[in-house]
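**Q** my questions are about this predicted structure, shown below with the sequence.
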Amino acid sequence: MSKAFTLETALAKVKGAQALWNTRNAETVAKAYTSDCVWRNRNQFFKGHGNIVSFLKNKWATENGYRLRKELFAFSENKIAVQFWYEFHDQNGQWFRCYGLEDWTFDMEQGKMKKRQMSGNDVPITNEERWFKDEVKDVDSVYISEDHW
């Protein structure tokens, strides 16, 4: 994959990442990144597959019921910006929705992400306010109003 992103290939990367993350399989997700991928996730900075797997396992051990949607925000030759929302509940049953943005940089020869920066804000929500309830089979089918974009 040595060519620059097109609208079609950028959209495919975003939706592919969405599907991958919704598996909540840390080892599988880590394969989408270069072995020395640099991450900033909120206030955490780390590098490499081992740290990515550890981070994701810890994340999904506490973010129960995790469901994610990603949308393409912008792209250039080897970069993609993504807007996302995900919902989860804590061990006490309190639901949250994270609103966030990601900045991805790719190694175009490998077709893998070599840098990921994430900023997000968790907002407490009620069960009634959830978008991605269990009966929602496809998170892309949920209407998200402009107020939330």
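**A** Thanks, I have it.
**Q** so where's the protein shaky on pLDDT?
**A** Applying pLDDT under 70 to the chain picks out residues 1-2.
**Q** can you map out the strands along it?
**A** In the chain, the strands defined using DSSP state E lie at 33-41, 44-47, 64-75, 79-89, 95-107, 112-125.
**Q** quick one: the second one to chain centroid distance?
**A** Spelled out, that is strand 44-47. For strand 44-47, the separation from the chain centroid amounts to 16 Å (computed by C-alpha atoms, centre = their mean, to the nearest Å).
**Q** one more: stretch 77-90?
**A** How far stretch 77-90 lies from its chain's middle: 4 Å, per C-alpha atoms, centre = their mean.
**Q** who's in contact with His89?
**A** By C-beta atoms under 8 Å, 6 or more residues apart in numbering, the contact list for His89 reads Glu63, Asn64, Gly65, Trp95, Phe96. For every residue, glycine as well, the C-beta is placed using N, CA and C.
**Q** could you give the bridge partners of the fourth one?
**A** What it means is Trp95. Per DSSP bridges, the residues bridged to Trp95 are His89, Ile125.
**Q** does it touch Pro124 like I think?
**A** Yes - contact status for Trp95 versus Pro124: in contact at 7.2 Å, counting by C-beta atoms under 8 Å.
**Q** of those two, who's got more company?
**A** Neighbour count, other C-beta atoms under 10 Å: between Trp95 and Pro124, Trp95 has more, with 18 against 10.
**Q** now the more buried one: how far from Trp149?
**A** Going from Trp95 to Trp149 by C-beta to C-beta, to the nearest Å gives 20 Å.
**Q** Val123 too?
**A** 15 Å.
**Q** who has more neighbours, those two?
**A** Set side by side, Val123 and Trp149 show more neighbours around Val123, with 13 against 10, by other C-beta under 10 Å.
**Q** ok now do Thr100, which residues does it touch?
**A** Actually, residue 100 is Gly rather than Thr. So Gly100 contacts Gln83, Phe84, Trp85, Met118, Ser119, Gly120, Asn121 (C-beta under 8 Å, 6+ apart).
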